[in-house]
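Q: Okay, structure incoming, though there's no sequence with it:
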């Protein structure tokens, strides 16, 4: 009996690109911290531009950095500049990690750009307060 031809298995479908939409600069920044506190790192990373992701790989700068985070409290935020496609948001947060008695306080500024999917975080200057 001659061998029969079998179809090759279909090629794997690439994972869909996660898109997070933020209608305003403050929604992007506050949403980022809400998603991180909820351990939704992949969606939080979708609020970063490809430029920021290239400079600060999310696996290290989001996933590892916030792996033990149980809560983030926003102490203050303010849109400090907004002109057309660019904006700056100043923010101060308290990051509570599992097993820590006191939070880590961070403050600084996020630079954002408006894209076809909304506002995305493009650069940051965050440091311990």
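A: Looks like it came in fine. The structure presented is a predicted model; accordingly, all values stated were derived computationally and were not measured.

Q: For residue 85, give me phi and psi.
A: phi -90, psi 0 (degrees, to the nearest 10).

Q: So which residues make contact with the longest helix belonging to the chain?
A: Counting by DSSP state H, the longest helix found in the chain is helix 25-37. The contact list for helix 25-37 (CB atoms under 8 Å, 6 or more residues apart in numbering) reads 20, 22, 41, 43-44, 47-48, 62, 66, 69-72, 74, 77, 79, 82, 87-89, 91, 93, 110, 112, 118-121. To be clear about C-beta, it is placed using only N, CA and C from the backbone, and glycine gets the same treatment.

Q: make it 6 Å
A: Helix 25-37 is contacted from outside by 22, 43-44, 47, 66, 71-72, 79, 87, 89, 91, 110, 112, 119, 121, using CB atoms under 6 Å, 6 or more residues apart in numbering.
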